[in-house]
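Chemist: No sequence on hand, only this structure:
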Ligand code: ACO
């Protein structure tokens with residue numbers, strides 16, 4: 001429950017608002033995009049339960065819903081899909097720029113740089129023009145997957161391949177990545193994964209997006225700042241670490257000892273815990289089902305047995321503290337089965353979350369006030385400057 005003082009609209013007198021590390025429980029915006037019930041494990045986008053969208057919608061339809069607030073009509077969806085498909089190609093200058101990136105660099109850094117570079121190529125800024133907003137939304141949704149796939153081929157020493165207009169959004173991404181037309185089930189499951197990752201209220205990267213948006217800068221800077229925030233291991237980067245952790249555990253019988261040691265050493269178990277959820281993340285529930293479908297179709301993954309055993313023992317040790325699997329726990333296993341390289345897991349998350357970031361960008365512009373929180377100063381005061389020759393480590397204290 002938020003402190004009433006922290007929601008006051010006028011400026012609070014210094015020292016009257018309690019400090020909440022990580023802004024836990026502090027409302028920083030009003031939003032009509034996504035609702036989380038962390039005690040019951042329920043998540044909805046614009047009032048529609050996530051489970052319904054995952055079962056019946058497509059990523060682009062869900063994106064339209066998130067950004068414009070309503071499910072599209074057949075004509076609106078056709079137009080939106082067509083526009084996104086028409087803008088998938090990226091300028092040869094962007095590709096050439098990406099060829100200069102170090103091949104050993106992390107794809108999230110490549111994505112952040114290339115997303116920011118779009119601001120150079122599309123420098124007109126008209127954020128009160130609905131056509132500009134529609135165009136920027138389309139361009140970002142269309143080009144981000146192309147840039148992720150391009151970096152993957154470039155770092156292997158190959159030229160990026162062009163998108164295929166006859167393939168839908170997720171199928172085309174897998175095609176650009178692997179240079180093979182994907183299995184329809186694999187493309188469908190990837191599309192569902194994108195729906196699951198599309199939006200999640202005021203998480204760290206979305207907060208970043210909103211703070212950047214509140215300065216009225218361009219949407220490419222908004223997305224680039226959010227990509228940088230998503231990259232960290234406490235946020236989107238956790239799914240990479242989950243697989244490494246499962247591999248380090250090795251076999252199901254070693255899961256319990258691993259967990260005991262992690263708890264004793266106060267190490268975080270990757271893929272567990274969430275600021276909002278005190279039960280299993282509903283996205284993890286759906287992802288686990290998708291993983292099982294993939295294993296049935298394309299063969300088992302022994303790390304899944306390790307994951308299930310870890311979840312089982314963690315329910316006893318961490319469950320009482322409200323720590324359960326989050327979205328990242330099973331997503332890595334799904335992506336691995338889809339043939340996606342491990343360091344592309346977080347860029348894939350970014351491809352999906354662009355939908356949420358853009359929805360929040362648009363919402364922020366609708367009722368903007370620049371973010372400028374306050375701080376509690378803990379430094380020293382009243383110090384006197386000394387000339388360089390008069391300073392020593394001891395004197396500086
Ligand atoms: N493993 C073990 N203990 C944990 C875990 C975990 N994964 N997560 C939280 N805890 C414990 C902490 O040690 C702490 O215990 P204490 O009170 O005894 O000191 C308590 O739970 C609260 O933890 P915080 O880190 O303060 O919780 P916070 O809400 O700040 O952090 C976070 C949430 C970052 C997700 C955290 O649970 C974590 O680091 N998890 C592992 C990384 C991860 O999976 N990140 C992906 C999150 S989902 C996403 O961003 C897409």
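Modeler: Happy to help now that I have it. What you are looking at is a predicted structure, and each value in this text was computed from that prediction instead of being measured.

Chemist: can you list the residues of the stretch 51-200 of the chain near the ligand?
Modeler: Residues of the stretch 51-200 of the chain lying close to the ligand (C-beta under 6 Å from any ligand atom): none. Backbone N, C-alpha and C define where each C-beta goes, glycine included.

Chemist: Identify the residue of the stretch 51-200 of the chain closest to the ligand, quick one.
Modeler: Using C-beta to the nearest ligand atom, the closest approach of the stretch 51-200 of the chain to the ligand is made by residue 200 at 7.0 Å.

Chemist: you'd agree that residue is up against residue 33?
Modeler: No - with contact defined as C-beta atoms under 8 Å, residue 200 and residue 33 do not form a contacting pair (9.7 Å).

Chemist: can you list residues touching both of the two?
Modeler: Taking C-beta atoms under 8 Å, 6 or more residues apart in numbering as the criterion, residue 200 and residue 33 both touch residue 356.

Chemist: what's around the residue of the chain found nearest the ligand, how many residues?
Modeler: Residue of the chain nearest the ligand, by C-beta to the nearest ligand atom: residue 273 (2.3 Å). Number of residues near residue 273 (other C-beta atoms under 10 Å) recorded here: 20.

Chemist: Over to residue 384?
Modeler: 4.

Chemist: so who does it touch?
Modeler: Under the criterion of C-beta under 8 Å, 6+ apart, residue 384 has no contact partners.

Chemist: tell me the SS of it?
Modeler: coil (DSSP: H, G, I helix; E, B strand; the rest coil).

Chemist: how is this structure carved up into domains?
Modeler: 34-233+342-366, 238-337 (automatic domain parsing).

Chemist: Need those in TSV (columns: distance to residue 382 and mean pLDDT).
Modeler: What follows is these, written out as TSV (distance: least, C-beta to C-beta, whole Å; pLDDT from 0 to 100):
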stretch	distance to residue 382	mean pLDDT
domain 34-233+342-366	33	97
domain 238-337	38	96
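
Chemist: May I ask you to confirm that the residue of the chain closest to the ligand is in contact with residue 326?
Modeler: Yes - using C-beta under 8 Å, residue 273 is in contact with residue 326, at 6.5 Å.

Chemist: what do the two both touch?
Modeler: Common neighbours of residue 273 and residue 326, using C-beta under 8 Å, 6+ apart, do not exist here.

Chemist: which element is residue 195 on?
Modeler: Using DSSP states H and E, residue 195 sits within helix 184-197.

Chemist: For that helix, buried residues please.
Modeler: Using 16 or more other C-beta atoms under 10 Å as the test for burial, helix 184-197 gives 186-197.

Chemist: now swap in stretch 159-172 and tell me
Modeler: Quick answer for stretch 159-172 (16+ other C-beta under 10 Å): 160, 163, 167-172.

Chemist: And the helix of greatest length in the chain, what does it pack against?
Modeler: Secondary structure of the chain per DSSP state H: the longest helix is helix 130-155. Other helices and strands packing on helix 130-155, by 3 or more C-beta pairs under 8 Å, 6 or more residues apart in numbering; DSSP states H and E, are helix 59-68, helix 74-86, helix 92-99, helix 107-121, helix 169-178, helix 219-230, helix 345-366.

Chemist: Including distance to residue 205, could these go into a markdown table?
Modeler: Below are these laid out as a markdown table (distance: least, C-beta to C-beta, whole Å):
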| stretch | distance to residue 205 |
| --- | --- |
| helix 59-68 | 15 |
| helix 74-86 | 22 |
| helix 92-99 | 22 |
| helix 107-121 | 11 |
| helix 169-178 | 20 |
| helix 219-230 | 4 |
| helix 345-366 | 6 |
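
Chemist: that older thread, tell me the angle of the helix holding residue 195 relative to helix 169-178?
Modeler: Inter-element angle recorded for helix 184-197 and helix 169-178: 110 degrees (by axes from the mean of the first three to the mean of the last three C-alpha atoms, to 10 degrees).
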